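S.K.: show me the folded form of this:
(chains A, B and C)
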Amino acid sequence: MATKKRKRKELFALGNEAVVEGALLAGCSFFAGYPITPSTEIAEVMSQRLPFVHDGVFIQMEDEIASMGAIIGASLAGRKTMTATSGPGFSLMQENLGYACMTEVPLVLVNVMRGGPSTGMPTSPAQGDVQQARWGCHGDHPIIVLSACNVQECLEMTIVAFNFAEKYRTPVILLLDEITAHTREKISLPFPDELEILARVAPAMPPEWYISYEETMRGVPPLPPLGSGYRFHVTGLTHDKNGFPTSKPDEVKALMYRQFRKIDQFFYDIQLVDEVQCEDAEIVVVAYGCVARSAELAVHMARERGVKAGFLKLKTLFPFPKSALQPLARQCRTIIVPEMNMGQLSREVKRVNNGLAQVQTINRIDGQIITPSEIFKSIMQA
Amino acid sequence: MAQVTELIHNYLRHNKKFPHVYCAGCGHGIVLGSLIRSVHGLGYSKDDIVLVAGIGCSGRMAVYVDFNTVHTTHGRALTFATGIKMANPKLKVIVVMGDGDAMAIGGNHLIHAARRNIGLTALVLNNNIYGMTGGQSSPTSPEGTVSATAPFGQLERSFDIVDMAITSGASYVARGTVMHVPMLDGLISDALEKPGFNLVEILTPCHTQYGRKNKFKTVVDMYTWYKTNTMKRELYAQKSPEEQQKLTPIGVFRDEGWPGLETRYAQLRTKLQEQESCQSSAN
Amino acid sequence: MSKQRELNRFEIRLSGTGGQGILTLGKIMGQVLALDHGFYATQTQSYGPEARGGASRADLVVSSAPISYPKPVSLDLLVALSQEACNLYFCNLKPSGFLLVDTTLVTQTPSNIFWGLPFTSLAKDKIGLPQTMNIICLGALSHFLPFMQFTSVKKALAGVLPAKILAINTKALTLGYSQAKKLYPDASEKWTFSSPMMTESAQ
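M.R.: Now for the predicted structure:
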């Protein structure tokens, strides 16, 4: 095949730069953001690249609240949009992130986690925003949270994030950390024709028949761009299927249940994991982000010493990949969850484990990555 | 009358979300009427108009009118509108905000939207009060006025929205009232046709939450107040400083015609892309 | 691309103060090793909030196999361009590792086994531009590291640096390479290339 002979373009790039490459490959043409370490390179590279993209727009807003507002507006106008931030900015974005959940606006939000709370440690890594990513905005809402552990994955998961956002008409959060974002590695850029790039469903009916929040098979209503002749109302108030405000219990219930259903019924599509040497594992390390790389090496070291260790890398954090973890919890003796917080994802692991295996946590919140030897020691003692 | 009926049928979601939430005597409906007459008079297509609104009584305006309508979060309407306009500069983007929306929670967005001169028309409906939440003080409540959160009188000074917009760099700034409707029609039509960031402050009464607590016995008293206490800025300029203190000038305060950010960004993009294609063809 | 030496996690730390061009040095080395020599390479960094004057460090892990843990575990090579960095990181060197210092700035070495070149004075006196110090160091490194070819580095420089400053930096690169070759002709044969994980698991 001719495709095999083509040489992919290779770059020695930062995780943040790979996010931009992924976004542009996924069709992102609108970025609004506000400078914040350690995510700033994403905005910087976007400001260089987007003016060379057809109709591309980069805009630096006055704060992170405004950045979210701008990308929601642009997404409603038909663009694939993204913003990037870190802890303090992520907190500010929650208000309009909730709006995007309620109004089902596709967008990608990259949060490069740094030490927190508050200003914390701007140049040090952490994984302290995991539960905030899931439950940061007020009110019950479904959301998709992804992560990446190396530079190539930054590119790939950004594309996945855009595809999920468009397919499920939802905001998608890509959680990175300072190490992943600021590590340089070789990446190879896929050719556009190698990729499956999804777009939101456009209405198949004429404007006069269009019902903006109609119940559909997948639970995802079609979304036409503003100005295309489909005039409809968008509101952060609970709304009926026509998009108009309502507080009638049956209408509110129908809206909220559909929003959950559109994510819940596609767990198999959304919950992405990598299993390494898990087939016969008695000890399974569950990790994500930069810590996943330490975990992989630790498991490799343990295997060299004949210990039956395995590694489950979570690429999707929420909806939590229950179907991948549960069989492993049945099979193994111990699950080890190393993470750079006080146990935010291990709560999910314990919930799914439900007493099956012993769950151990390794926690660090001092701005340092959990090393392979720390995890290795836990494996050997388990 | 037939013309009014035609406008109602054409521009309002008359069979969907009525009756509306506005109190008797509220000026918001007059603003909506003025906006619809302006749009109609200018011959815009409803499909090309996006009405973006914030939160509060003014925010509810979006639901009644048959444009593309986006009812956003409190104070953030300008940020959504900025995204919409930058994403599709062909759309006519109109932003409706209240005084709390535009000057308190969204004050930062207003000064930056004006500074970057994004091509929007912002209508700030100033009724000097938070109406929907039950009559609390707003940044434009005059000193000394009584509200639910200033039961002993407002100590803080109030913002002048027109001054703020001019200082922040808006291209077109005007002030009208719901008592001067033909003038308001003219101001809104004027603003809609101008490039860059246009702001029209519209003084509109809230008798329910503001007037009753501040010695306006009836709604009519409030409209009378707007009639006697506002003055065209040309006439206002001729008054003595003592007389000026009691008056509010109305009219057009700035009209520069500066091109909007969306236009300038598109020009930059075209220039850069032409340079790039020249370079690649040279190589 | 010629057949490469097999590397099993060769770990390098470039350290000094902000403003010395350490991150640029790390980026160019990583790029040459990853893109031109076909190694797996990860480059991580650590820096304070200050743009100038604070401690600065760039770490490289180079390997023939995919790299899981991206940060160094025990260093094969420590490049110390300040006394403070030398004191701070010397303990991270593994027993078979090597230390390279700027003898202009590092006057007290923790061991008398080290490689040293006066990068800062070379930049000032021979090139006439103090900012080329990092590139002189890069030239020297392309002699000390047998798996990083001088010619590839020279070629990569053209892709990384703006045309305006390329000539003077190429001169600096060549100077560093020739000085290192002159002073330490057989340096590149001293490596033992032991796996850092051996040291790690012995702990």
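
S.K.: for chain B, which spans come out with low pLDDT?
M.R.: Scanning chain B for pLDDT under 70 picks out B:1, B:283.

S.K.: mind doing that once more with 90?
M.R.: Across chain B, residues meeting the criterion (pLDDT under 90) sit at B:1-4, B:14-19, B:279-283.

S.K.: which residues of it fall in helices?
M.R.: B:2-11, B:28-42, B:61-64, B:77-87, B:99-100, B:107-116, B:161-168, B:181-193, B:219-229, B:233-236, B:241-245, B:261-282 (DSSP state H).

S.K.: make JSON lines out of those helices and add distance to residue B:51 and mean neighbour count.
M.R.: For glycine as for every other residue, the C-beta is placed from the backbone atoms N, C-alpha and C. Below are the helices of chain B laid out as JSON lines (distance: least, CB to CB, whole Å; neighbours: other CB atoms under 10 Å in any protein chain shown):
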{"stretch": "helix B:2-11", "distance to residue B:51": "11", "mean neighbour count": "12"}
{"stretch": "helix B:28-42", "distance to residue B:51": "8", "mean neighbour count": "20"}
{"stretch": "helix B:61-64", "distance to residue B:51": "5", "mean neighbour count": "24"}
{"stretch": "helix B:77-87", "distance to residue B:51": "9", "mean neighbour count": "31"}
{"stretch": "helix B:99-100", "distance to residue B:51": "18", "mean neighbour count": "30"}
{"stretch": "helix B:107-116", "distance to residue B:51": "16", "mean neighbour count": "22"}
{"stretch": "helix B:161-168", "distance to residue B:51": "20", "mean neighbour count": "20"}
{"stretch": "helix B:181-193", "distance to residue B:51": "12", "mean neighbour count": "19"}
{"stretch": "helix B:219-229", "distance to residue B:51": "25", "mean neighbour count": "15"}
{"stretch": "helix B:233-236", "distance to residue B:51": "28", "mean neighbour count": "14"}
{"stretch": "helix B:241-245", "distance to residue B:51": "35", "mean neighbour count": "9"}
{"stretch": "helix B:261-282", "distance to residue B:51": "18", "mean neighbour count": "13"}
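
S.K.: can I get the ones you listed in JSON lines with distance to chain C?
M.R.: Output for the helices of chain B, formatted as JSON lines (distance: least, CB to the nearest CB, whole Å):
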{"stretch": "helix B:2-11", "distance to chain C": "55"}
{"stretch": "helix B:28-42", "distance to chain C": "49"}
{"stretch": "helix B:61-64", "distance to chain C": "44"}
{"stretch": "helix B:77-87", "distance to chain C": "29"}
{"stretch": "helix B:99-100", "distance to chain C": "37"}
{"stretch": "helix B:107-116", "distance to chain C": "25"}
{"stretch": "helix B:161-168", "distance to chain C": "31"}
{"stretch": "helix B:181-193", "distance to chain C": "45"}
{"stretch": "helix B:219-229", "distance to chain C": "54"}
{"stretch": "helix B:233-236", "distance to chain C": "50"}
{"stretch": "helix B:241-245", "distance to chain C": "50"}
{"stretch": "helix B:261-282", "distance to chain C": "14"}
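
S.K.: residue contacts, the spatially most central residue of chain B?
M.R.: With distances taken as CA atoms, centre = their mean, the residue of chain B nearest its centroid is residue B:123 (1.0 Å). Contacts for residue B:123 (CB atoms under 8 Å, 6 or more residues apart in numbering or on different chains) come out as B:31, B:35, B:94-97, B:188, B:199-200, B:202.

S.K.: ranking these by neighbours, who comes first?
M.R.: Ranked by the number of neighbours (other CB atoms under 10 Å in any protein chain shown), the contacts of residue B:123 place residue B:95 first, at 35 neighbours.

S.K.: that older thread, take the contacts of residue B:123 and keep only those in strands.
M.R.: Using DSSP state E, the members of those that fall within strands are B:94-97, B:199-200, B:202.

S.K.: just give me the neighbour total for residue A:365.
M.R.: 16.
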